[in-house]
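**Q** What shape does this take:
(chains A and B)
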Amino acid sequence: MITDFVFTSQSVTEGHPDRLCDTVSDAIVDAFLRQDPTSRITAECALSKNVIFLATRFASEAIVDIPEIARAIIKGVGYRPKNFNAAECTVVTSQIEQSKTPREINFSNVDDEEIDRITVSHQTTVFGYACRHTPELMPLPITLANQLARQLSKTRRQSGIDYFSPDCTSQVGVEFVNDTPSRIDSITLIVGCNDPDSLPAFAQIEEDLRHNVINPVFRHASIKPDNLTRITINPNGPYVRSGPSAHSGMTGRKTDSDTYGSFARHCGSALSGKGPSRIDRVGAYAARYAAKNIVAAGLAEQCEVQLSYSIGFPGPVSVYLTTKGTGIIEDHEIRRRLLRHFDFRLGAIVRDLKLRELTQENDGIFYQKLPVNGHFGANGSPLPWEKTDKAELLAE
Amino acid sequence: MTDSVTQDKKPQDYLLIVNDRVPGRTRIKVPSLYRNDRLRADLESRLTVLDEIRLVRANTLTGNLLVEYIAPRDSREMPASIAQLLEAQLGCSIIRHTESIDRPPKKVIERKPKKARRRPEVTGYQAQPQQLWHMLSGTQVINFVQGSEEGLTQEAAAKKLAKYGLNLLSEHAGRSSLQMFLGQFVSAPVAMLGVAAVVSLATGGVADTAVIVTVVVINSVIGFVTEKSAEKTINALGQLTPETAIVIRGGKKQEISMPEIAFGDLLVLAPGSYVAADARLLDSHRLTIDESPLTGESLPVSKNHQYLGEEDTALGDRQNMVYMGTTVTGGNGRAIAVATGRHTEIGKIQDLVGGTKTPVTPMQMQIDDMGMQLALLSSGICVLVFVVGLLRGRPLLEMLMSSISLAVAAVPEGLPTVATTTLALGIEEMKRRKVLIRQLPAVENLGSVQVICLDKTGTLTLNQMSVVALQTLQTGIKVKEGGFYHREAKVDLYRTDETLRRMMEVLVLCNESMPTEMGACFLQGSPTENALLQIAINAGEDVHFLRAHRPAVKVDYRAEDRPYMVTVHTLEDGQFFTAVKGSPSEVLALCRRCSIDGRLEELSEDRRKAILTWNERLGADALRVLGVAYCITGEITGYKQQGLIWLGLVGMEDVIRPGMAELMAQFHDAGIETVMITGDQSSTALSVGKRLGLNGAEGKPLEIIDSGHLDKLDPSVLAGLVGRTTIFSRVSPAHKLLIVQALQRSGKVVAMTGDGINDSPALKAANIGVTLGEKGTDAARSVADVILEDDDLKTMVTAIREGRAIYDNIRKSLHFLLSTNLSEIEVMLVSAALGGPEILNPMQLLWINLITDIFPALALAMDPPEVDVLKRPPRDPNAAIVSRSDYAKLIRESGIISAGTLGVYGYSLLRYGPGPNASTNAFMSLTIAQFLHAYRSRSEHTSIFNLENRPVNRYLDTAVGLSALMQVLAVTLPPLRRLLRLSPLGVFDMIAILAGAGLPFIANEAIKGINKNTFNQDNENDH
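**A** Numbering: from 1, shown residues only, chains lettered A, B, ... in the order given. Down below sits the predicted model:
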């Protein structure tokens, strides 16, 4: 078995059209849940030069001005009007209104029997993963790539460096020895530039990025770039055109940086744009919740949990997990304990993680932040599926 | 609207190649050619000299120059010699579309100024002085026309009118009645009949000649009468110029009738007004004019009185001139009339074009073509009958007579008349139903409309606000048709919630609107204020009493930094009552307490949140929302310290007109897509769209395009997007044109409603521009194809039904005429082939032509719309009016009719042998079969076997009844019988005739039923 290797993961910033579409989709989810927590909503977004396409299906009491939300989000990202003018763009919406089903009733205090009646309406196999690379129990490569991306956005907004466009990408290569991260192999940053006419010299860009982006990210990291770390900035030259005018975007095309940076398996379907009644979203959260608690309980160095759902069943038809030989007890035993303490039925996940109430509890904005801040592993925001409150139960 | 910079960039310094795709043929746009006859002659003479040139044609109306030349083998381009000559002559370079037009202009070669051409005098009036007005300054113009800044005096105007004539476009007398009547005789069938008459005379048949002359006269009279009335109807279309205009005379603005506008009058231009004469601007402010009647340019052009033109400035670029027949789309100005009546540009065009021609629609042209082809075909067959007869050894003269008669009977000479008459009758019928047709092609387009674009405000809604929702912390009230509903139950407002009483008091007191009559709904104020006052009146508040007892001592109106209105009133106990209404969030911020069923309670955080959620929900539900609060204090401005008491939210909306949802369903049933265009935000549009049922009965997704800047979108992208779109939100009126064009690009026949000045380009571009009668501005009315006089969109359904029915009826008449004529030909062909005596003699053929062709065909043209006409999808606009399958049907049906007639003839031959008896029976059964066939032609969808689905056509019943009576007279009246050489009928003959006529009818109807069933099955299989 090869245990020494380099693994790369990549991420994009808030203004990348794909990520922007994710944010718009989740903002629409928030807008519905804000008015009516029992809404069922699916929102998909596609973005191209001067046009935004939004396809929504919903069963809700809420009434939402969808184009306005999309415009507000895009405006907030801060493209120069030349690259994308949120006020002038055309928004094409396709709205299908459905009627509510028993799955959409309010069931904060329902009993077991009722949860059994809430069956999933999508077939999916979802994965959750956790490992000891970082304090938040995430794989190191994606964590660093995401941190770099967020730092790029933060720099653009806060450090007065305004030649960055909102659309940048990052990649981090981590060298593993004995399956453990040992050093940073490479860092690649591609920075879109806002105004090609006032672009500073390359040396200035490099200096700004090192000083404002790379250094802050690694300041408290246990593994820092060394002399041999290859740092590449704009290998093809700076992107003079960026954002939707240069490339189109679509919801659900950045699922690997949303999840584990391909370090573990992930379900191909999008997380963003789906309300809490969609098992392909909430199942991924539940699986991560389970995996993280297993690692936090000290039962294994890493753990991947797999949940398979079939239409018509309230819970998973298969629960599988692997610790890849790092478990201190048998995987069978871990699964036994998992099934005892976790309820993976759709209704139970929504109830236990309070997925419907999160938007209202967080002043009306919750899901919208996930695409940029990260669905998993973010340490700042209190995501319910990142809690390790069941670790003790599992450890017993 | 183009700004002045781009207009300056559009100079006359290049020649644009419009089209050179055909080798040896190039069309070039020469701007200076426009209205320049001298240049035309010059160019034509110089170019024709060149060896390469085959043909030169310059058009002073379009400004285009067409050059045909011997194309060089190696290139498609125009030979250099021509190009050089043109460039040298005109001093400009030739460019293609793709080239940049920013080339530096070559030096313009001096040309002699045009001399004003004196027009030949045709009236007793003097010609008006002509100048290149656009080159003169305003003062110069005033001096020249002897006008003044104050306008003409009444006396001066009268003098000028006497000198130069009234402001009337030359009235072109159409064809005179006599011309039209004589025209009936100048036709191929009549000429042939003339030959026939001569032949009969030569053979001694004086009676025959008399019959032929009678037939000709009757035919002509009928033709004349129908054509006359049709032409009158059609020529009346489009004449919708306003009758008056505003001018300044003697320093005073006044409205005078259009013909009274004199040379030198000062015209006042305001948005929507019609320019009454050609005039030089003296003053203008952001003036834009729709010059499409003159130039065809659909976008309005901006005008500026300070502009000074060159002598060769094209008409469309003379920014300091306005022209008769155009309309003001924006801004205002004053202009001095420099040409009136037939001296105006539009008057000259009318002179040039040679008066008003009756317009011809594509369908009419198609019918004309078809008629011509069929005429040739049937003439060919007549020749065949003639030849075969001769070969069979019949006498030459007899054969000549009978084939000429056959030609007269069989040639479908009535086709174009039928189409024109049907259109005219349809237009009259629509007028009775309050649908005013302004363009002839609109009639047939109405039948093929696939998409109808509807303006939300004013068309779908009433364009007035009404309160529809009241929301206190305790109760939510819905208001429907003046009644109050709480959870679907009608309630008494004040018994439900005490807070509502306070709320109504505030709405009465804090209100700028004044009721003009006690308790009546005549309110003076803004729509919002009126709506609020109206709801209080509905709730039972006495406005006068309340306002009298609580006089206002202080009023703070809404302002930029204060999105709410505050009024303070004195109470009887000396305290002050403060009433506040305005932006819910701002008003809420001023509140500290709230009223729950009349009790005062603390306004907790949860309650604030609930109020904001309600606000968001009402706002998103297409409502305009206001927050209402009050307080009672000891001092006038006490409310600021004490804080307000929250009462509740009021939601208002522009109410949808009654019956609109049903109307949308009717459109959908008729296979017509509905598209709503609105300036509202998307959620408002969605809510309205849902209530209207725009997504159809199957509930397909409502696709909304939300854009305030549709012009920023690539037209091809827009065309790709519009296909499924049901709503356009946040659209500015100017962009409606883009929507119409995009829909047309995606292959749709588009109807568009609109009544504003801004709508006119879109109305013009649409296949059917629809304006609602009274509300429409002159600009909109002048470009609309259809005006709904009763101001009711529901009439549009009538218009579409009539439009479809007219097209159907033309098809029915065609079907009838073609199939019956075919049957005559077939019978005669068989007769000729058989040899022996003719089955039908010439007199009988003429009789058939006279009594079966005309009246039933005209009656079919007046067939009422079929019951399912609005359940069918619109017809394919590109489909031929008589398709290939129709021809097959025609041959089949005429074959069956002929078979019936021949069967009777065969039976009679066996019974009586060859002679008048057999001929009589054949004649009788063919004629009756044709009458019956008129009923067959009434529908392709229903037959006599399902009569309950057919409306009654009294005209047809009468026509057939009268014709049948004539037929009976033909066999019973001895003179007629002799003329037609008929023999008396026996009982068996009658039975045979009825069978020979009736059985084909039943057979044809049965086949229709079978075909229909199989067709339906096919359709079901497709799904």
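
**Q** Beyond the helix or strand where B:Met180 lies, next helix or strand please.
**A** For B:Met180, the element it lies in under DSSP states H and E is helix B:177-183. Sequence-wise, the next helix or strand downstream of helix B:177-183 (DSSP H and E) is helix B:188-202.

**Q** Output the contacting helices and strands for that next one.
**A** Packing partners of helix B:188-202 (3 or more CB pairs under 8 Å, 6 or more residues apart in numbering or on different chains; DSSP states H and E): helix B:206-235, helix B:396-410. Every C-beta, even on glycine, is put in place using the N, C-alpha and C of the backbone.

**Q** Next, format those helices as CSV and append mean pLDDT.
**A** As requested, the helices and strands packed on helix B:188-202 are arranged in CSV below (pLDDT from 0 to 100):
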stretch, mean pLDDT
helix B:206-235, 78
helix B:396-410, 77
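
**Q** Return the most buried member of those.
**A** helix B:396-410 (a mean of 24; mean count of other CB atoms under 10 Å in any protein chain shown).

**Q** Centre of the chain to the helix or strand just after it, how far?
**A** From helix B:396-410 onward toward the C-terminus, using DSSP H and E, the following helix or strand is helix B:415-432. Counting by CA atoms, centre = their mean, to the nearest Å, helix B:415-432 is centred 15 Å from the centre of its parent chain.

**Q** next one: stretch B:915-922
**A** Using CA atoms, centre = their mean, the offset of stretch B:915-922 from its chain centre is 53 Å.

**Q** which of the residues in that stretch are buried?
**A** B:916-922 (16 or more other CB atoms under 10 Å in any protein chain shown).

**Q** which outside residues touch stretch A:52-60?
**A** A:24, A:28, A:32, A:35-36, A:38-47, A:66-67, A:70, A:74, A:89-101, A:104, B:701 (CB atoms under 8 Å, 6 or more residues apart in numbering or on different chains).

**Q** average pLDDT across it?
**A** Summarised as a single mean, pLDDT over stretch A:52-60 is 93.

**Q** that older thread, does anything pack onto the helix holding B:Met180? Which helices or strands?
**A** Helix B:177-183 packs on helix B:206-235, going by 3+ CB pairs under 8 Å, 6+ apart.

**Q** angle of the helix it packs on against helix B:415-432?
**A** Relative orientation of helix B:206-235 versus helix B:415-432 (axes from the mean of the first three to the mean of the last three CA atoms, to 10 degrees): 40 degrees.

**Q** Centre of the chain to helix B:206-235, how far?
**A** Centroid separation between helix B:206-235 and its chain, computed with CA atoms, centre = their mean, is 32 Å.

**Q** What of stretch B:972-979?
**A** That offset, for stretch B:972-979, works out to 52 Å (CA atoms, centre = their mean).

**Q** which residues of the stretch 751-900 of chain B score low on pLDDT?
**A** B:757, B:775-779 (pLDDT under 70).

**Q** Can you name the residue of it nearest to chain A?
**A** B:Ala762 (17.9 Å; CB to the nearest CB).

**Q** What's the local residue count around the residue of the stretch 251-396 of chain A found nearest chain B?
**A** When distances are taken as CB to the nearest CB, the stretch 251-396 of chain A reaches nearest to chain B at A:Gln360, 8.9 Å away. By other CB atoms under 10 Å in any protein chain shown, 18 other residues sit near A:Gln360.

**Q** my guess is it contacts A:Arg34, does it?
**A** Yes: here A:Gln360 lies in contact with A:Arg34, judged by CB atoms under 8 Å, at a distance of 6.2 Å.

**Q** contacting residues around B:Gln364?
**A** Per CB under 8 Å, 6+ apart, neighbours of B:Gln364: B:416, B:419-420, B:423.

**Q** which residues does B:Phe823 contact?
**A** Small correction: residue B:823 is Ser, not Phe. Counted by CB under 8 Å, 6+ apart, B:Ser823 has contacts B:894-895, B:897-898, B:901, B:926, B:929-930.

**Q** which of those count as buried?
**A** B:894, B:897-898, B:901, B:926, B:929-930.

**Q** and which of these is nearest A:Arg345?
**A** B:Ser894 (74.7 Å; CB to CB).

**Q** Next, see if stretch A:272-282 gets close to chain B.
**A** No: Stretch A:272-282 lies out of reach of chain B by CB under 8 Å from any CB of the partner chain, never closer than 15.9 Å.

**Q** Wait, B:Gly325 touches B:Val275, no?
**A** Yes: in terms of CB under 8 Å, B:Gly325 counts as a neighbour of B:Val275; the distance is 6.9 Å.

**Q** hang on, the earlier thing: could you dump the buried ones among the contacts of B:Ser823 into CSV with secondary structure added?
**A** Converted to CSV, these look like this (DSSP: H, G, I helix; E, B strand; the rest coil):
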residue, secondary structure
B:Ser894, helix
B:Ile897, helix
B:Ser898, helix
B:Thr901, helix
B:Leu926, helix
B:Ala929, helix
B:Gln930, helix
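
**Q** got the buried residues for the helix or strand B:Met796 falls within?
**A** Using DSSP H and E, B:Met796 sits within helix B:795-834. For helix B:795-834, burial by neighbour count (16+ other CB under 10 Å) applies to B:795-832, B:834.

**Q** how close does B:Ala202 sit to chain A?
**A** Counting by CB to the nearest CB, to the nearest Å, the separation of B:Ala202 from chain A is 79 Å.

**Q** and which of the contacts of B:Gln364 is nearest to chain A?
**A** Nearest to chain A among the contacts of B:Gln364, with distances taken as CB to the nearest CB, is B:Leu423, at 40.3 Å.

**Q** does the residue lying closest to that closest one once chain neighbours are set aside sit in a helix, a strand or a coil?
**A** Distance criterion CB to CB, 6 or more residues apart in numbering or on different chains; nearest residue to B:Leu423, sequence neighbours excluded, is B:Val443 at 5.4 Å. What three-state DSSP gives for B:Val443 is helix.
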